[in-house]
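> below is the sequence, then the predicted model.
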Amino acid sequence: MRIVADLHIHSHLSRACSRELTPQSLYRWCQLKGITVLTTGDFTHPKWIAELKEHLESAEDGLFALKKEPARRVDDNIPASCRSQVRFVLGVEISCIYKKGARVRKVHHLVFAPSFEVAEKINKALEKIGNIRSDGRPILGLDSKNLLDIVLNASPEACLIPAHAWTPHFAIFGSESGFDSLEECFEDLTPQIFAIETGLSSDPSMNRRISGLDRITLISNSDAHSPEKLARETNLFDTELSYRGLFDAMKQKGPGRLLKTLEFFPEEGKYHVDGHRKCQTRLTPSETIKRRNLCPVCQTPVTVGVLHRVEKLADRPEGTTPRQAAGFEHIVPLKELIAETFRVKPGSVKVDRQYHRLLNNFGPELNILRELPMERLETEFPLLALAISRMRQGKVSVQAGYDGEYGVIRALKESDFVKTEEPSLF
Ligand SMILES: [Zn+2]
Ligand SMILES: [Zn+2]
């Protein structure tokens with residue numbers, strides 16, 4: 001079956017995360033977005049795992065459903081147009097900070113477990129290494145390879161996927177504290193790595209320039225810190241609804257497949273190009289090289305972004321795709337597109353009202369963005385229909401993100417507003 005799976009989020013117990021990240025509200029937002037399987041995030045946190053045990057019950061093999069009673073309390077708040085089944089899979093993000101090869105490494109990894117028993121086994125081992133009780137995304141002085149070893153020892157079905165692989169400061173290939181290859185990081189355990197998360201600032205076409213990743217499945221997730229951000233990047237599978245169904249598809253084993261990832265335009269990500277946020281300097285990789293990595297304003301080294309880092313590790317030009325690789329599609333959050341049509345901020349009340357009105361009428365957000373025939377929107381919402389069509393065709397203008405500042409994607413042009421204000425004349 002078709003499964004939309006978002007495999008990287010956080011709970012209300014992670015630093016800088018919304019208090020709304022509760023089992024009920026995640027269940028509700030999965031339906032508003034069109035997600036079938038969502039990771040729980042944060043399973044190492046004792047309070048979160050207790051909350052999960054209280055609210056979830058076993059469903060298909062390795063997956064969990066929200067229990068009837070807590071579900072009933074939010075069901076009224078979900079439009080009929082969006083209602084669908086939601087499953088959870090146990091996952092967590094772990095931040096490993098350690099020294100290797102005379103350099104400090106800071107690498108984030110996603111870890112998944114097929115059951116509470118396995119999750120608790122992992123937690124028990126990690127608790128011996130550091131504090132897992134203060135933050136939903138624990139920071140451990142643990143070598144990535146040792147983490148992988150702990151995970152595999154807990155169960156052969158448990159697994160590790162390097163998170164937002166190119167982010168400068170906290171990623172396996174990050175420019176600041178990462179590695180140049182999977183092998184450098186995981187050594188003889190490298191064959192156990194079957195997927196990486198590309199992160200918001202890169203897309204598969206960039207990653208496929210590195211031949212060392214040919215056997216690796218590229219996945220994309222939201223890394224949501226609030227429920228509204230769920231599925232801003234996500235994965236579309238055609239596989240059995242089970243833990244094994246999902247992970248075998250990523251391992252390219254068995255009949256299931258990852259069909260495609262739904263992705264930000266990579267320029268929208270916070271670290272696409274190089275620069276200094278505090279100096280408001282945005283540099284392309286070639287400009288950075290020309291300036292010997294120094295910021296033209298403060299003369300200190302700039303943050304080297306994802307595009308530059310990919311360029312550095314790439315061993316072939318753009319355009320190569322391994323035969324078995326999944327496709328991808330660029331999307332823009334619906335609220336951003338609505339905001340453009342109103343010329344207001346995506347966080348405004350007006351946008352929120354319109355967003356929920358659209359969901360009521362046309363179903364979940366991903367459905368509106370990807371599948372809804374635009375004829376159904378055109379009469380009532382001509383500018384939005386235009387914006388969505390442009391997004392689908394990739395005809396957007398971009399201002400790339402850098403050094404922690406999101407990029408800006410625009411689907412509409414000034415002239416579009418003149419044209420659609422005119423119809424009253426005819
Ligand atoms: Zn992270
Ligand atoms: Zn600067």
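In hand now; what should we look at? Ligands and ions are numbered 1, 2, ... in the order given.

> show me the contacts for whatever residue of the stretch 301-426 of the chain ends up closest to ligand 1.
Residue of the stretch 301-426 of the chain nearest ligand 1, by CB to the ion: residue 404 (13.2 Å). Placement of C-beta: from N, CA and C, glycine included. Neighbour list for residue 404: 270, 271, 277, 303 [criterion: CB atoms under 8 Å, 6 or more residues apart in numbering].

> 10 Å instead, please
Residue 404 sits next to 167, 168, 169, 270, 271, 275, 276, 277, 278, 303 when contact means CB atoms under 10 Å, 6 or more residues apart in numbering.

> quick one: residue 241 is in a helix?
No: Residue 241 is assigned coil when assessed by DSSP: H, G, I helix; E, B strand; the rest coil, not a helix.

> please report phi then psi for it.
Backbone torsions of residue 241, given as degrees, to the nearest 10, read phi -80, psi 90.

> show me which strand runs longest in this protein.
Ranked by number of residues, the top strand in the chain under DSSP state E is strand 87-100.

> what residues does the protein have near ligand 1?
Contact residues, the chain versus ligand 1 (CB under 5 Å from the ion): 108, 163.

> the helices in the stretch 301-426 of the chain, which residues?
306-313, 334-342, 349-362, 365-370, 375-378, 382-393, 414-421 (DSSP state H, counting those that start in this stretch).

> and for the stretch 1-150 of the chain?
With DSSP H, counting those that start in this stretch as the criterion, the stretch 1-150 of the chain has helices spanning 23-33, 46-55, 68-75, 116-127, 144-154.

> hang on, the earlier thing: farthest-apart pair in the contacts of residue 404, please.
Spanning the widest gap among the contacts of residue 404 are 167 and 278, at 18.5 Å by CB to CB.

> more neighbours, these two?
Per other CB atoms under 10 Å, whichever of residue 167 and residue 278 has more neighbours is residue 167, with 30 against 11.

> which stretch of helix or strand covers the more buried one?
Secondary structure assignment for residue 167, by DSSP states H and E: no helix or strand.

> tell me the contacts of it?
By CB under 10 Å, 6+ apart, residue 167 lies in contact with 106-108, 173-176, 178, 197, 199-202, 223, 269-271, 305-306, 309, 404.

> how much space between it and ligand 2?
Using CB to the ion, to the nearest Å, one gets 19 Å for the distance from residue 167 to ligand 2.

> what's the spacing between that residue and residue 121?
Separation of residue 167 from residue 121 (CB to CB, to the nearest Å): 29 Å.

> and residue 187, by the same measure?
Taken as CB to CB, the span from residue 187 to residue 121 is 23 Å.

> then residue 4?
Distance, residue 4 to residue 121, by CB to CB: 29 Å.

> so between the two, which is more surrounded?
residue 4 (21 against 18).

> so what's that one scoring on pLDDT?
On pLDDT, residue 4 comes in at 98.

> ok, it - contacts?
Per CB under 10 Å, 6+ apart, neighbours of residue 4: 30, 33-38, 84, 231, 234-237, 262, 364, 366-367.

> again with residue 222
With contact taken as CB under 10 Å, 6+ apart, residue 222 is in contact with 6-10, 33, 35, 38-39, 200, 228-234, 262, 264, 333.

> before we move on, what about residue 8?
By CB under 10 Å, 6+ apart, the contact set of residue 8 is 38-39, 41, 91-93, 108, 110, 161, 163-164, 197, 199, 219-224, 233-234.

> ditto for residue 60
Residue 60 neighbours (CB under 10 Å, 6+ apart): 37, 87, 240, 241, 242, 243, 244, 245.

> I'd like the distance between it and residue 10.
Distance of residue 60 to residue 10, computed by CB to CB: 24 Å.

> where in the chain is the helix or strand with the lowest mean pLDDT?
Across the helices and strands of the chain, mean pLDDT, DSSP states H and E gives its lowest value to helix 414-421, namely a mean of 81.

> kindly format the C-alpha coordinates of that helix as CSV.
Extracted as CSV, the C-alpha positions of helix 414-421 are listed here (Å, rounded to 0.1, in the frame of the first residue of the first chain):
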residue,chain,number,x,y,z
GLU,A,414,4.3,40.8,-9.2
SER,A,415,2.5,40.6,-12.6
ASP,A,416,0.3,37.7,-11.3
PHE,A,417,-1.4,40.0,-8.8
VAL,A,418,-2.2,42.6,-11.5
LYS,A,419,-3.7,40.0,-13.7
THR,A,420,-5.9,38.4,-11.1
GLU,A,421,-7.1,41.7,-9.7
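
> which of the helices of the stretch 1-150 of the chain is buried the deepest?
Of all the helices of the stretch 1-150 of the chain, helix 23-33 has the most neighbours on average by mean count of other CB atoms under 10 Å, namely a mean of 23.

> and that one, what other elements does it pack with?
Under the contact criterion of 3 or more CB pairs under 10 Å, 6 or more residues apart in numbering; DSSP states H and E, the helices and strands touching helix 23-33 comprise strand 2-6, strand 37-39, helix 46-55, strand 64-66, helix 68-75, strand 87-100, helix 349-362, helix 365-370.

> residue contacts, whatever residue of the chain ends up closest to ligand 1?
Per CB to the ion, residue 108 is where the chain lies closest to ligand 1, at 3.6 Å. Counting by CB under 10 Å, 6+ apart, residue 108 makes contact with 8, 93-97, 137, 139, 144, 162-165, 167, 169-172, 174, 197, 199, 223.

> check the gap between it and residue 93 for me.
Per CB to CB, residue 108 is found 6 Å from residue 93.

> which residues do the two both contact?
8, 137, 163, 164, 170, 197, 223.

> these in helices, which ones?
Nothing among those maps onto helices, per DSSP state H.

> residues of the stretch 151-300 of the chain that sit close to ligand 2?
Residues of the stretch 151-300 of the chain lying near ligand 2 (CB under 5 Å from the ion): 276, 279, 295, 297, 298.

> hang on, the earlier thing: residue 399 is nearest to which of the helices of the stretch 1-150 of the chain?
For residue 399, the closest of these is helix 23-33, at 25.7 Å, according to CB to CB.

> now do the closest one against strand 87-100, angle only.
100 degrees (axes from the mean of the first three to the mean of the last three CA atoms, to 10 degrees).

> put the alpha carbons of helix 23-33 into PDB.
Output of helix 23-33 as PDB, limited to C-alpha atoms (Å, rounded to 0.1, in the frame of the first residue of the first chain):
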ATOM      1  CA  PRO A  23       0.600  11.800  20.900                       C
ATOM      2  CA  GLN A  24      -2.900  13.200  20.300                       C
ATOM      3  CA  SER A  25      -1.800  16.300  18.500                       C
ATOM      4  CA  LEU A  26       0.700  14.300  16.400                       C
ATOM      5  CA  TYR A  27      -2.200  11.900  15.500                       C
ATOM      6  CA  ARG A  28      -4.400  14.900  14.500                       C
ATOM      7  CA  TRP A  29      -1.700  16.600  12.400                       C
ATOM      8  CA  CYS A  30      -0.700  13.400  10.600                       C
ATOM      9  CA  GLN A  31      -4.200  13.400   9.200                       C
ATOM     10  CA  LEU A  32      -4.200  17.100   8.400                       C
ATOM     11  CA  LYS A  33      -1.000  16.600   6.500                       C
END
